[in-house]
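Visitor: how would this look folded up:
(one chain, ligands or ions: 1)
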Amino acid sequence: MAAEAEIEDRGERWLVVGAGPSGLSVALALRTAGVAFDAVEADRQPGGMWNFDNPGSAIYETAHFISSASRSGWADLPMPDHYPDYPRWWEIRDYIRAYAAHHDLGRHYEFDTRVEMALPVGDAPDERWEVALTDGRRRCYRGVVACPGFQRVPRIPSYPGSFAGETRHSQTYKRVDELRDQRVLVVGAGNSGVDIAVDAAVAAERAVISVRRGYWFFPKLIGGVPLDHFGINTVSSQERLAEFLALHVGDVTRTGFGAPDHPPLTHHPILNDQVLHHLSHGDLIWRPEIARFDGRRVHFVDGSSDEVDLILWATGYRDEMPFINTEHCRISSTDADNDLFLWMFHRRYPHLCVLGPANLAAGGYWGLSAAADLIANHVRDEQTRPERWQRFRALIESPEPDLTGGYSYCEREGHLNYVNAAALDAYSIELATEFGFDALGFPADYEPPDVIDIDDWLNHPRPVERPPHGSLTPRAYDPLELIANTQQRTPPSPNSESRAFGAP
Ligand SMILES: Cc1cc2nc3c(=O)[nH]c(=O)nc-3n(C[C@H](O)[C@H](O)[C@H](O)COP(=O)(O)OP(=O)(O)OC[C@H]3O[C@@H](n4cnc5c(N)ncnc54)[C@H](O)[C@@H]3O)c2cc1C
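Guide: All right, here's what the predicted structure looks like:
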């Protein structure tokens with residue numbers, strides 16, 4: 001039997017896993033907070049899933065950002081103004097790499113280095129974390145911040161019968177050419193599912209999409225500007241939004257889709273203008289849920305059936321971190337049994353933090369850096385302000401705050417990890433205020449954004465000028481005002497001394 005590698009003790013250092021947008025945000029936040037850390041990334045360079053050839057990347061050649069360039073960047077380095085409203089995958093990749101270079105974050109990382117296993121040693125709350133790396137090296141850290149991405153472990157449903165064609169998860173789909181001359185069935189109408197269905201409508205011999213329920217389809221632009229420039233993220237706008245969608249998108253049941261059985265934004269929004277276009281042109285056929293397989297024939301619950309060569313399961317991902325045993329960390333969007341407070345802080349193990357599993361209807365790396373700042377503040381406190389650390393720990397062990405913002409998210413569709421962006425921002429600011437944390441992701445020259453009121457616009461529809469990407473703050477509401485109004489607290493100064501936001 002081969003001798004076990006000696007464990008290298010890394011003392012009080014933490015380990016950051018992953019150099020995607022989350023890991024990079026955490027690396028910068030820890031460095032800014034003065035916390036000693038190492039960082040590892042399985043791929044050759046920063047970029048996360050946006051590195052097309054990163055094994056397990058969910059990106060395909062026709063993938064674009066779904067949130068707009070103006071609202072989605074890091075606050076201290078907006079996306080360049082020449083970027084389109086919805087950048088292409090390689091523009092996001094380049095932007096992430098530019099962010100890493102801008103802050104010289106690469107020097108903290110060992111690339112081509114995967115964490116194969118991480119487990120707690122010793123009893124909580126004093127546990128340390130042992131990790132095993134790809135090449136057999138083993139190390140022991142004070143703690144781990146895991147940012148491995150949560151669109152990595154495919155979720156595939158099963159149906160009766162056996163299928164004689166090819167089946168694979170959408171994660172393996174890369175190029176339109178893979179669909180040529182094939183009768184393709186895409187299962188699922190998430191944002192990847194509808195993108196791939198659109199590719200199939202153009203390239204495949206026959207394109208079919210199967211969905212279990214009705215959805216709202218959001219247009220990418222309203223009055224010429226991206227949807228997320230509008231203030232649509234509150235329950236009060238829900239009715240107006242339904243009205244707007246009925247007016248501008250129309251009755252989706254005419255294309256075959258079922259009518260949505262939930263109010264808008266209680267399910268992750270599907271932003272796609274082309275899928276309805278192809279359905280209405282007959283290039284794409286809609287089917288309900290699969291009932292069973294019989295050779296190459298797929299039968300659906302309404303009695304219809306199709307001959308299919310290739311099934312692409314666009315059915316999402318499991319919330320798993322393969323290198324941490326679920327006994328040590330349970331994360332689930334379908335099961336209430338979760339170990340993470342705010343989807344970030346482990347309730348039992350103080351030295352395990354995770355960034356990534358929360359899902360929200362607002363894209364943006366600004367939000368990741370705000371969350372990373374929260375983690376870094378807390379990690380630093382253990383070393384420098386133990387009393388405050390204890391107070392925050394007590395909060396972590398208490399019941400989860402209500403971050404739904406009043407929405408009833410679709411639990412049966414795996415939306416237990418869904419949080420309302422406005423509620424999350426407001427709560428984070430409230431925490432920062434209460435605990436005296438450094439500012440969370442706000443640029444020093446923070447200005448409340450221009451929000452286009454959906455009500456006002458519906459009453460007076462008009463083209464809207466698109467401002468330069470860098471001139472907008474990432475959210476279509478002012479979180480400072482929000483917290484001041486709803487919580488009656490003084491928001492923290494955006495001009496934190498410890499972080500030079502916006503500095504070149
Ligand atoms: C088609 C598509 C469109 C999207 N559009 C948007 C959008 O418009 N706006 C938005 O905000 N988000 C969007 N996303 C979501 C996307 O998840 C985020 O943009 C972002 O990539 C998440 O960053 P992350 O760092 O959490 O994860 P990832 O980008 O997945 O990065 C995780 C990194 O961790 C590394 N890693 C994993 N396991 C290990 C290990 N064991 N050891 C070492 N390294 C490891 C991986 O190699 C990877 O580099 C989209 C996703 C898809 C698929």
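Visitor: the helix ranked longest in the chain close to the ligand?
Guide: What stands out as the longest helix in the chain, according to DSSP state H, is helix 365-384. No - using Cβ under 6 Å from any ligand atom, helix 365-384 never reaches the ligand; the gap is at least 6.5 Å. Heads up, the C-betas are built off the backbone N, CA and C, glycines and all.
Visitor: near the ligand, which residues of the stretch 251-400 of the chain? Just list them.
Guide: Residues of the stretch 251-400 of the chain found near the ligand (Cβ under 6 Å from any ligand atom) are F323, G356, G363, G364.
Visitor: next one: the next helix or strand after the longest helix of the chain to chain centre, how far?
Guide: Using DSSP states H and E, the helix or strand that directly follows helix 365-384 along the chain is helix 386-396. Offset of helix 386-396 from its chain centre (Cα atoms, centre = their mean, to the nearest Å): 27 Å.
Visitor: residue ranges with poor pLDDT in the protein?
Guide: Where the chain drops to pLDDT under 70, the residues are 1-4, 233-237, 411-415, 439-451, 471-504.
Visitor: how about the residues of it near the ligand?
Guide: Checking the chain against the ligand by Cβ under 6 Å from any ligand atom, the hits are 17-23, 40-43, 48-50, 54, 58-59, 63, 65-67, 72, 114-115, 147-149, 151, 191-192, 323, 356, 363-364.
Visitor: in ChimeraX, how would I select the buried members of those residues?
Guide: Paste this into ChimeraX to select the buried members of the residues of the chain next to the ligand, with burial taken from 16 or more other Cβ atoms under 10 Å:
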select :17,18,19,20,21,22,23,40,41,42,43,48,49,50,54,58,59,63,65,66,67,72,114,115,147,148,149,151,191,192,323,356,363,364
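Visitor: the residues of the chain next to the ligand in strands, which ones?
Guide: If you go by DSSP state E, those have V17, V40, V115 in strands.
Visitor: endpoints of stretch 304-312, how far apart?
Guide: Length of stretch 304-312, first residue to last, Cα to Cα, to the nearest Å: 19 Å.
Visitor: which residues touch the residue of the stretch 201-350 of the chain found nearest the ligand?
Guide: Nearest to the ligand in the stretch 201-350 of the chain, going by Cβ to the nearest ligand atom, is F323, at a distance of 4.6 Å. By Cβ atoms under 8 Å, 6 or more residues apart in numbering, F323 lies in contact with V17, R114, V115, E116, M117, A118, P148.
Visitor: one more time with 6 Å, if that's ok
Guide: By Cβ atoms under 6 Å, 6 or more residues apart in numbering, F323 lies in contact with V115, E116, M117, A118.
Visitor: just the buried members of the residues you listed?
Guide: Buried by 16+ other Cβ under 10 Å: V115, A118, out of those.
Visitor: what is the most widely separated pair among the contacts of F323?
Guide: Pairwise distances across these (Cβ to Cβ) peak at 8.6 Å, for the pair E116 and A118.
Visitor: this structure: helices as residue ranges?
Guide: Going by DSSP H, the chain shows helices at 21-33, 69-72, 89-102, 191-203, 238-248, 274-280, 365-384, 386-396, 421-435, 454-459, 479-487.
Visitor: quick one: the shortest one to chain centroid distance?
Guide: A distance of 14 Å separates the C-alpha centroid of helix 69-72 from that of its chain, computed with Cα atoms, centre = their mean.
Visitor: what's next to that helix, contact-wise?
Guide: Residues outside helix 69-72 that contact it (Cβ under 6 Å, 6+ apart) are M79, Y83, D85, P87, D228, G363, G364, H469, L472, P474.
Visitor: quick one, what contacts the fourth one?
Guide: Neighbour list for P87: F65, A69 [criterion: Cβ under 6 Å, 6+ apart].
Visitor: redo that, cut-off 7 Å
Guide: The neighbours of P87, taking Cβ atoms under 7 Å, 6 or more residues apart in numbering as the test, are H64, F65, A69, M79.
Visitor: and which of the residues you listed is nearest to W129?
Guide: Set against W129, the nearest of the contacts of P87 by Cβ to Cβ is F65 (33.5 Å).
Visitor: phi, psi of that closest one?
Guide: phi -70, psi 150 (degrees, to the nearest 10).
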